[in-house]
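Visitor: give the three-dimensional model of this entry:
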Amino acid sequence: MILLYQVKLTGRIVLGMNTIQDKRARILASGTSVMLRKGYNGTGVQEITQGAGVPKGSFYHYFESKEDFAIQALHYYYTPRIERFADALSVPELSPRERVLRCYRDLVGYFANQEQPSHQCFIGSLCHEMAEESQPIGYAASAILQRSNQVLADCLAQAQSAGEIAADQNPAELAGFISAAWEGALLRMKADRQIGPLRVFIQQLERLLQP
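Guide: Model prediction:
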C-alpha cells in the first residue's frame with residue numbers, strides 16, 4: 001500500500017514537473033516568436049502570454065521580469081542551434097576544413113531556396129536595442145556568441161593540426177572573424193534581397209582556409 005502510494009505520488013510529481021516545463025516552454029516559444037518580429041521594446045507580456053495560451057500572471061511565476069525572460073529566450077533559441085552547429089562540425093566522414101565549408105554551403109543553400117531571402121537575427125536585434133541599456137542581456141548575448149565561436153574554433157584547430165590551414169593562424173581569432181563576416185553577409189543579403197553576398201562569403205572563405 002505504501003509502495004503504491006509512493007508510486008502514485010511520484011507520478012503526480014513527475015506529471016506536475018512536466019506540466020511546469022511545458023508551460024514555461026510554451027511561454028518561451030511564444031515570446032521568442034514575438035520578439036523576433038517586434039523586438040524587445042515592441043513586445044508586451046500580455047502578448048506573450050496570450051500567444052502561449054496562459055494567464056498573464058503565469059509569466060511572473062517563471063520569469064522575474066521581461067529582462068529575465070529575454071535572457072532565457074536567448075538560451076532557448078540558440079542552445080539547439082549551437083548543438084546542431086557542433087554536430088555539423090563533427091561529421092567524421094569529412095576533414096575538418098570540409099566540415100566548415102560544407103556547413104556554410106548548406107546554409108547558403110537554405111537561403112537560396114527561399115523565394116525572397118530573409119533572415120531574422122534574434123541576438124543582433126536584441127543587442128541593438130538592449131545591450132547598452134541592459135548589462136545582463138549583453139552578457140548573455142556575449143556568452144552565446146563565445147560558445148558558438150568556440151565550436152568553430154575547435155574545428156579550425158583540428159584543421160590546423162591536419163595541415164589544412166596555415167600554421168600561423170590563431171583558430172579563436174579566425175573563428176571570430178568568420179562569424180562576424182557571416183553576420184555581415186547576412187545583413188547585406190537582407191538589404192540587397194538576394195544571396196550574392198553569401199556566395200561571395202563562401203568564395204572568400206575557401207581562399208581563407210588554405211595551408
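Visitor: give me the residue at the spatial middle of this structure.
Guide: With distances taken as C-alpha atoms, centre = their mean, Tyr78 lies nearest the centre of the chain, 2.5 Å away.
Visitor: quick one: residues contacting the closest residue in space to that residue that isn't next to it in sequence.
Guide: In this structure, Tyr78 finds its nearest non-sequential neighbour in Ile144, 4.9 Å apart by C-beta to C-beta, 6 or more residues apart in numbering. (Glycine included, C-beta is placed from N, CA and C.) Counting by C-beta atoms under 8 Å, 6 or more residues apart in numbering, Ile144 makes contact with Leu74, His75, Tyr78, Ile82, Ile123.
Visitor: and the helix or strand where Ala185 lies, how far from the chain's centre?
Guide: Here Ala185 sits within helix 171-192, counting by DSSP states H and E. In terms of C-alpha atoms, centre = their mean, to the nearest Å, the centre of helix 171-192 is found 15 Å from the chain centre.
Visitor: got it, and stretch 25-35?
Guide: 14 Å.
Visitor: check stretch 192-200 too.
Guide: The answer for stretch 192-200 is 21 Å, by C-alpha atoms, centre = their mean.
Visitor: what comes up buried for it?
Guide: The neighbour-count check on stretch 192-200 (16 or more other C-beta atoms under 10 Å) flags Ile195, Pro197, Leu198 as buried.
Visitor: that stretch: end-to-end distance?
Guide: Stretch 192-200 has its terminal residues 13 Å apart, counting by C-alpha to C-alpha, to the nearest Å.
Visitor: all helices of this structure, in order?
Guide: Assigned by DSSP state H, the chain shows helices spanning 2-38, 45-52, 56-62, 66-88, 96-112, 122-130, 135-161, 171-192, 196-208.
Visitor: those into CSV, with extra columns for mean pLDDT?
Guide: Listed next are the helices of the chain as CSV, based on pLDDT from 0 to 100:
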stretch, mean pLDDT
helix 2-38, 64
helix 45-52, 94
helix 56-62, 92
helix 66-88, 96
helix 96-112, 96
helix 122-130, 91
helix 135-161, 97
helix 171-192, 94
helix 196-208, 96
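Visitor: and the residue nearest to Tyr78, how far is that from Lys23?
Guide: Using C-beta to C-beta, to the nearest Å, one gets 24 Å for the distance from Ile144 to Lys23.
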